[in-house]
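Chemist: turn this into a structure:
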Amino acid sequence: MENANPTVHNVATRSSSSKVQDPFADILAFTSYSSGDTDSDTSSNYDDEERADPIDAQEVYDLLANITDPEHPLTLSQLAVVNLPHITVHDSSISNSNARSSPSTVLVEITPTIPHCSMAQLIGLCVRVRLERSLPSRFRVDVKVREGTHQSEGQVNKQLADKERVAAACENEQLMGVLGGMMETCV
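Modeler: Here you go, the predicted structure:
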């Protein structure tokens, strides 16, 4: 363990989003009550739903805040590895009328707890996997180490941006088991 005594930050316990969360919204969004429905109608409803639900930085933060650090029984938000001001969201579905003209993107800049953190790649991979599993498919996800916060930030950022390397990591059952353990506390 490299950082035996990390700084723990207070995380506010406020409502995470101004949207009212309806537990049945996902079920009802894909249910149609007319008798002439076909599979193509359902997929077009899904596309409309995906475009109609904008994503903001707070929602992305809420997806990541409860990921557990691989070395400590603390969350990434408690360790200030993930911070709301370091999340940038460009959602083309709300920023222009033609959603297909520019891609929707999410950029998350993580802050390692120490400048020589050996877990930065693992944490970055976990953040990327969590977002790719949770966000609509219209989003391109980028995860980077914040500038000046890690001694090997260029190398870590290069590894996190390499799609082939990320795909290979996601095929490793042992590594996916570790990531699954880190994401167990996510709801």
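Chemist: now residue 184, nearest residue through space, not along the chain?
Modeler: residue 68 (7.0 Å; CB to CB, 6 or more residues apart in numbering). All C-beta spots, glycine's among them, are computed from the backbone N, C-alpha and C.
Chemist: may I have the beta-bridge partners of the one you found?
Modeler: Beta-bridge partners recorded for residue 68 (DSSP bridges): residue 75.
Chemist: all helices of the chain, in order?
Modeler: 25-29, 39-52, 57-64, 92-95, 120-134, 153-161, 163-171, 173-183 (DSSP state H).
Chemist: thought residue 82 was touching residue 124?
Modeler: No: assessed by CB atoms under 8 Å, residue 82 is found out of contact with residue 124, at 10.6 Å.
Chemist: at the geometric centre of the protein, which residue do we find?
Modeler: residue 131 (2.8 Å; CA atoms, centre = their mean).
Chemist: low-confidence ranges in this structure?
Modeler: 1-6, 11-52, 95-101 (pLDDT under 70).
Chemist: ok, now how distant is the closest residue to residue 86 other than its chain neighbours from residue 171?
Modeler: Residue nearest to residue 86 in three dimensions, not counting chain neighbours: residue 109, with 4.2 Å by CB to CB, 6+ apart. Remark: distance between residue 109 and residue 171 (CB to CB, to the nearest Å) = 26 Å.
Chemist: dump the residue contacts of the residue nearest to residue 184.
Modeler: Residues counted as contacts of residue 68 (CB atoms under 8 Å, 6 or more residues apart in numbering) are 74, 75, 76, 181, 182, 183, 184, 185.
Chemist: if we can go back for a sec, quick one: common contacting residues for residue 82 and residue 124?
Modeler: Here residue 82 and residue 124 have residue 110 as joint contacts, going by CB under 8 Å, 6+ apart.
Chemist: and residue 67, how close does it get to residue 158?
Modeler: Distance from residue 67 to residue 158, by CB to CB: 22 Å.
Chemist: out of the two, which sits in the busier spot?
Modeler: residue 67 (23 against 12; other CB atoms under 10 Å).
Chemist: quick one: contacts for the more buried one?
Modeler: Going by CB under 8 Å, 6+ apart, the list of residues near residue 67 reads 75, 76, 82, 123, 126, 127, 130, 182, 183, 185, 186.
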